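Quick one, structure for this:
(chains A and B)
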Amino acid sequence: MNQIDAPSAPDDFTTLEVARLLGMSVRSVQLMVDRGELAAWKTAGGHRRIARASVDHWRRSRSLVQPTPEASEQHHGMSRRPSMLLIDDSIHCQKLVALLIQQRFPTIDLHVADDGIAGLALYGQLKPQILIVDILLPGIDGATLITSLRSHPQFASSHLAVVTSLDEAQRAPYAFALEKVPVIHKSGLVIELPRLLKKWLPAKSAARSAGAR
Amino acid sequence: MAMPQHDQDADVDAGVAAAIATQFGGDAVLYHAYAATCTVQFVVDRAAGRAACVAGDLSALRLLAHNLKSALGLLGHDRASSVAAHIEERAGAGDLHAACLSWRSLDAALSRLEAP
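Predicted structure coming up:
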């Protein structure tokens, strides 16, 4: 006899529902459950259910609120400001990129995530045109993060670069995710990142930004 | 034998000048703005490093040293950056004793760079 699962109680979500809610892939949500970041249980049929309270708690702890009208505009490509998401746990790197953007690309809307999971969630909400990812991150590393993002429908229309202070040999274990991705060593960030951004930004934005320096 | 202070100062000045010229493409304004944010953050980093050593948290110490290695390297503080690289390597190898011994030296270097 086939086991028929009881319908989800209102206090629980399926993995797919949580993935949609957080703008992540199903696999990312499964990993979060495996790491104990979300409270989950299984039905008699073996289907995973995730407690709404734990999802709410996780979102609050990451300060993930409903998208603002501005962010919603970006979802629909209405915003004139190009958006950029930096996923890097280093406050030093975050500050440097913020200074660089403020000084040379003031038209860019910069958002920052401190770790891979928060980055995945923010990516789903913001759908940024430009994504900059560090490799060594707490939680999931940058390479796993990129692999997860590749399954995101929006990913094809985002420009991606990796920033890292790992040398080429140290990057070898992450090579599976870095193929055809520009990699910027952090020692060359101030020189290399602006070059990439000029290439990626629409001509009008780039011209407005170029006038900033 | 320890280096005389004036030699160390000259070393740091040369490192800073080289960092502005090469890594910041001659943009001294951006360099100094960045250095100002770093000196504030070093206070937080020192506390985090001490806490990681007390807790025996090698993973946190490794990430912290990794991030400091690149920040200090960008600022042209090559000696301190090398110490951070050593801590990262020792922490990655699971050698808490050596990593935390070197942390003391990095902690002292960071305290000299902190905002007055």
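
residues from chain B in reach of chain A?
Chain B has residues B:23-25, B:27, B:29-30, B:33-34, B:37-38, B:41, B:44, B:63, B:66-71, B:73-74 near chain A, with proximity defined as C-beta under 8 Å from any C-beta of the partner chain. In short, each C-beta sits where N, CA and C put it, glycine included.

rerun that using 7 Å as the cut-off
Contacts of chain B with chain A, taken as C-beta under 7 Å from any C-beta of the partner chain, map to B:23-25, B:27, B:30, B:33-34, B:37-38, B:41, B:63, B:66-67, B:69-71, B:73-74.

Which of the residues you listed are buried, as a ChimeraX select command?
To isolate the buried ones among these in ChimeraX, judged by 16 or more other C-beta atoms under 10 Å in any protein chain shown, type:
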select /B:23,24,27,30,33,34,37,38,41,63,66,67,69,70,71,73,74
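
Which residue ranges make up each domain of chain A?
Annotated domains of chain A cover A:12-61, A:69-210 [automatic domain parsing].

Tabulate these in TSV, adding columns for distance to B:L96.
Compiled in TSV, those are given as follows (distance: least, C-beta to C-beta, whole Å):
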stretch	distance to B:L96
domain A:12-61	24
domain A:69-210	19
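
Among these, show the one with the smallest mean pLDDT.
Comparing mean pLDDT across the domains of chain A, the weakest is domain A:12-61, with a mean of 75.

so how many other residues sit close to residue 87?
Assuming you mean chain A. 28 (other C-beta atoms under 10 Å in any protein chain shown).

Hmm, no, I was thinking of chain B.
When neighbours are counted by other C-beta under 10 Å, B:I87 comes out with 29.

after the helix or strand hosting it comes which helix or strand?
Using DSSP states H and E, B:I87 maps to helix B:78-92. Sequence-wise, the next helix or strand downstream of helix B:78-92 (DSSP H and E) is helix B:96-113.

That next one vs helix B:78-92, what angle?
150 degrees (axes from the mean of the first three to the mean of the last three C-alpha atoms, to 10 degrees).

Return helix B:96-113 as CSV; C-alpha atoms alone will do.
What follows is helix B:96-113, C-alpha atoms only, in CSV (Å, rounded to 0.1, in the frame of the first residue of the first chain):
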residue,chain,number,x,y,z
LEU,B,96,46.7,25.7,17.6
HIS,B,97,49.8,26.3,19.8
ALA,B,98,51.9,27.7,16.9
ALA,B,99,49.0,29.6,15.4
CYS,B,100,48.3,31.4,18.8
LEU,B,101,51.9,32.0,19.5
SER,B,102,52.2,33.9,16.2
TRP,B,103,48.9,35.6,16.9
ARG,B,104,50.6,37.4,19.8
SER,B,105,53.1,38.8,17.4
LEU,B,106,50.4,39.9,14.9
ASP,B,107,48.3,41.3,17.7
ALA,B,108,51.2,43.5,18.7
ALA,B,109,51.7,44.6,15.1
LEU,B,110,48.0,45.5,14.7
SER,B,111,48.0,47.5,17.9
ARG,B,112,50.7,49.7,16.4
LEU,B,113,48.6,50.3,13.4
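
which helices and strands sit right next to that helix?
Helix B:96-113 sits against helix B:28-55, helix B:58-75, helix B:78-92, with contacts defined as 3 or more C-beta pairs under 7 Å, 6 or more residues apart in numbering or on different chains; DSSP states H and E.

What is the distance between the longest one and the centre of its chain?
Put plainly, it is helix B:28-55. On the basis of C-alpha atoms, centre = their mean, to the nearest Å, the separation between the geometric centre of helix B:28-55 and that of its chain is 8 Å.

can I get the helices and strands packed on helix B:96-113 in CSV with mean pLDDT?
Listed next are those as CSV, based on pLDDT from 0 to 100:
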stretch, mean pLDDT
helix B:28-55, 96
helix B:58-75, 95
helix B:78-92, 96
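
would CSV of those with distance to A:V162 be doable?
Below are the helices and strands packed on helix B:96-113 laid out as CSV (distance: least, C-beta to C-beta, whole Å):
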stretch, distance to A:V162
helix B:28-55, 21
helix B:58-75, 14
helix B:78-92, 19
